[in-house]
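**Student:** Pasting a predicted model and its sequence here:
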Amino acid sequence: MQPVFRFSRTALANPPSGIREVMVAAAKISDAIHLEVGQPDFATPEPIVAAAKTALDQGHTTYTPNAGIDTLRAAAARYFERRCPGVETHKDQILVTPGAVMSVATAFAALLDPGDEVLLPDPSWCVT
């Protein structure tokens with residue numbers, strides 16, 4: 001007997017992603033300039049590829065700390081201090097995420113309670 005698979009009611013209640021619908025439509029246009037998901041239209045620059053290879057060769061192949069790599073967080077704090085003179089920023093105030101959607105979802109989870117209202121531009125990401 002094969003196991004029965006079904007999606008949860010929560011998953012079925014989520015509408016299709018508008019971003020994904022745009023991606024499907026844009027895929028049919030050969031010279032489309034994609035702005036919908038932040039995927040660049042150029043190859044990763046060689047210094048970044050070389051740094052990634054070096055990191056792998058040095059054994060950096062495990063999960064990172066939850067908030068991100070300390071040196072990256074410290075560099076981000078210095079960047080914000082340069083961009084916002086007079087605003088002191090420490091690495092402990094920085095949280096690195098794997099992308100913008102996760103950043104928004106994490107911020108919402110940290111700041112909002114059930115019943116809070118949020119204004120979102122449309123079109124936008126579907127954040128549940």
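**Tutor:** It's in.

**Student:** Please count neighbours and contacts with C-alpha atoms only from this point.
**Tutor:** OK.

**Student:** which residue is nearest the middle of this structure?
**Tutor:** Centre of the chain computed as the mean C-alpha position; nearest residue by C-alpha atoms, centre = their mean is Gly99, 1.3 Å away.

**Student:** Looking at that one now. What's its pLDDT?
**Tutor:** Model confidence at Gly99, given as pLDDT, is 83.

**Student:** try the one 4 residues further on
**Tutor:** The confidence metric pLDDT takes the value 89 at Ser103.

**Student:** Assess the claim that it and Thr97 are in contact.
**Tutor:** Yes: between Ser103 and Thr97 a contact is recorded at 5.9 Å, counting by C-alpha atoms under 8 Å.

**Student:** If you count neighbours, what's buried in the longest helix along the chain?
**Tutor:** Taking DSSP state H as the criterion, the chain has its longest helix at helix 70-83. When burial is assessed from 16 or more other C-alpha atoms under 10 Å, helix 70-83 yields the following buried residues: Asp70, Arg73, Ala74, Ala76, Ala77, Arg78, Phe80.

**Student:** Then stretch 87-97?
**Tutor:** Taking 16+ other C-alpha under 10 Å as the criterion, stretch 87-97 shows Thr89, Lys91, Ile94, Leu95, Val96 as buried.

**Student:** From those, pick the one nearest Phe7.
**Tutor:** Val96 (30.7 Å; C-alpha to C-alpha).

**Student:** what sits against the closest residue to the closest one other than its chain neighbours?
**Tutor:** For Val96, the nearest residue in space outside its immediate sequence neighbours is Gly68; the separation is 5.0 Å by C-alpha to C-alpha, 6 or more residues apart in numbering. When contacts are counted by C-alpha atoms under 8 Å, 6 or more residues apart in numbering, Gly68 is found next to Leu95, Val96, Thr97.
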